[in-house]
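1. Everything below, folded, please.
(one chain, ligands or ions: 1)
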Amino acid sequence: MARKTLARTGRGQEGAVPAQALLAWYDRHRRRLPWRALPGEPVDPYRVWLSEIMLQQTTVKAVVPYFAAFLARWPRVEDLAASPVEEVMKAWAGLGYYSRARNLHACAMAVADGHGGRFPADLAALRALPGIGDYTAAAIGAIAFSLPAPVVDGNVERVVTRLEAVDEPLPGAKPLIRALVADMLDPARPGDFAQACMDLGATICTPRKPACGLCPLQPSCAAAATGDQETYPRKAPKRTGALRRGAAFVVVRADGALLVGTRPPKGLLGGMTEVPGTPWSADFDAAAALTAAPLPLPFRRLPGVVSHVFTHFPLELVVFRAEAPAPMPAPTGWRWITADAIAGEAFPSVMRKVIAHGMPGI
Ligand code: SF4
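-> So this is what the prediction gives:
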């Protein structure tokens, strides 16, 4: 199979054939999604932006209830901008990286204050907004403003690398994939083209067992012709970090309150809520862990460990629990939250696992 290189792009009219086949398929089979305008309806850039930021983190299925809740509570970008950032962070809980929630709020304020409440219809101006990178700017530009921008997410990478048999592994192949998508897109319908690629990748050109028999691109697909679809996109071998270990302290007051703090705004899990703990390191010494306990209480080590995998390293935490009498003041830098407030607190997944381990039934 011929390798694709940047020098070989420039399909011209050749690209129009798969694009038209894809758009005809999209007109019949497009997914109905709550942030997507129906044919003939005006597109709301606020909805497009909100959904794209949420979808950076997780699946369509997981995003749907969050999107509905955000829209019900903050129907316009000005409403979101006027909300305290802590409320946005709480509503975001469960969607992952909190830096994105902070950027979401900062972006809403920038649009409300700097652009009169209207997202700019310009890629450079979109990219200048907090939390909007190349991909999100292209997605908003194409879908909300019909700008002919190549929109390349994981689904689109899969479709295009198969269609064109791109042998270069990711992430190095990204510029080539963008160039191929730019060649292929229909400038008359860039938003529909982007969403059609996403839908095809999500429903037909799936990572395992793609349904090539139902695919509108099959006549043009290089990978389908050789039967090695599932080997695309090629990936560079993964480097995983060394295991880190540490301890977490679950301190529960007699009235059910839990001792928590807020992580520094920058860095891993920045600004999120945590229970006290030791640093996480490869040479963690469990026997010395109690020297980091936040209060002089009789801690007991709970059986088992909490495991979590971050992008760059796996983590194992041992959990110590202690009961504190009420009232007992929180040590400097920490605070008590009531048992009722735990569900709405901005805990990252790893901390929710620790709390589930240390407070079963919460
Ligand atoms: S023919 Fe198969 S591999 Fe090729 S784009 Fe369609 S679903 Fe993907």
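2. Then residue 251 would be within a helix, right?
-> No. Read with DSSP: H, G, I helix; E, B strand; the rest coil, residue 251 is strand and lies in no helix.
3. How about it, nearest residue that isn't a chain neighbour?
-> What sits nearest to residue 251 in space, not counting adjacent residues and going by C-beta to C-beta, 6 or more residues apart in numbering, is residue 259, at 4.0 Å. Where C-beta positions appear, they are placed from N, C-alpha and C, glycine not excepted.
4. thought that neighbour was touching residue 274?
-> No. With contact defined as C-beta atoms under 8 Å, residue 259 does not count as touching residue 274 (10.3 Å).
5. ok, the two, which is more surrounded?
-> residue 259 (22 against 18; other C-beta atoms under 10 Å).
6. quick check, that one in a strand?
-> Yes. Counting by three-state DSSP, residue 259 falls inside a strand.
7. what's near enough to touch the closest residue to the ligand within the stretch 251-362 of the chain?
-> The ligand sits closest to residue 311 of the stretch 251-362 of the chain, with a gap of 27.0 Å, by C-beta to the nearest ligand atom. Residues near residue 311 by C-beta atoms under 8 Å, 6 or more residues apart in numbering: none.
8. Can you pull the residues of the stretch 51-200 of the chain lying near the ligand?
-> 159, 162-163 (C-beta under 6 Å from any ligand atom).
9. So, low pLDDT: which residues of the stretch 51-200 of the chain?
-> 57 (pLDDT under 70).
10. Spatially nearest residue to the closest residue to the ligand within it, not counting backbone neighbours?
-> Closest contact between the stretch 51-200 of the chain and the ligand, by C-beta to the nearest ligand atom, is at residue 162 (3.9 Å). Nearest residue to residue 162, sequence neighbours excluded (C-beta to C-beta, 6+ apart): residue 223, at 3.9 Å.
11. State the number of residues packed around that neighbour.
-> Residues lying near residue 223 (other C-beta under 10 Å) number 23.
12. Isn't it up against residue 232?
-> Yes. With contact defined as C-beta under 8 Å, residue 223 and residue 232 form a contacting pair (5.4 Å).
13. any idea where the helices of this protein begin and end?
-> Along the chain, the segments classed as helices by DSSP state H run 13-29, 45-55, 60-73, 77-82, 85-92, 98-114, 123-127, 134-145, 154-163, 174-184, 190-203, 222-226, 349-358.
14. hang on, the earlier thing: overlap in contacts, residue 223 and residue 232.
-> Residues touching both residue 223 and residue 232 (C-beta under 8 Å, 6+ apart) are 161-162, 165.
15. hmm, which of these are the buried ones?
-> 161-162, 165 (16 or more other C-beta atoms under 10 Å).
16. Let me know the closest of these to residue 279.
-> residue 161 (40.3 Å; C-beta to C-beta).
17. could you list every residue that touches that closest one?
-> Residues near residue 161 by C-beta under 8 Å, 6+ apart: 170, 173, 177, 223, 232-234.
18. let's go with 10 Å and repeat that
-> 4, 167-170, 173, 176-177, 180, 222-223, 229, 231-234 (C-beta atoms under 10 Å, 6 or more residues apart in numbering).
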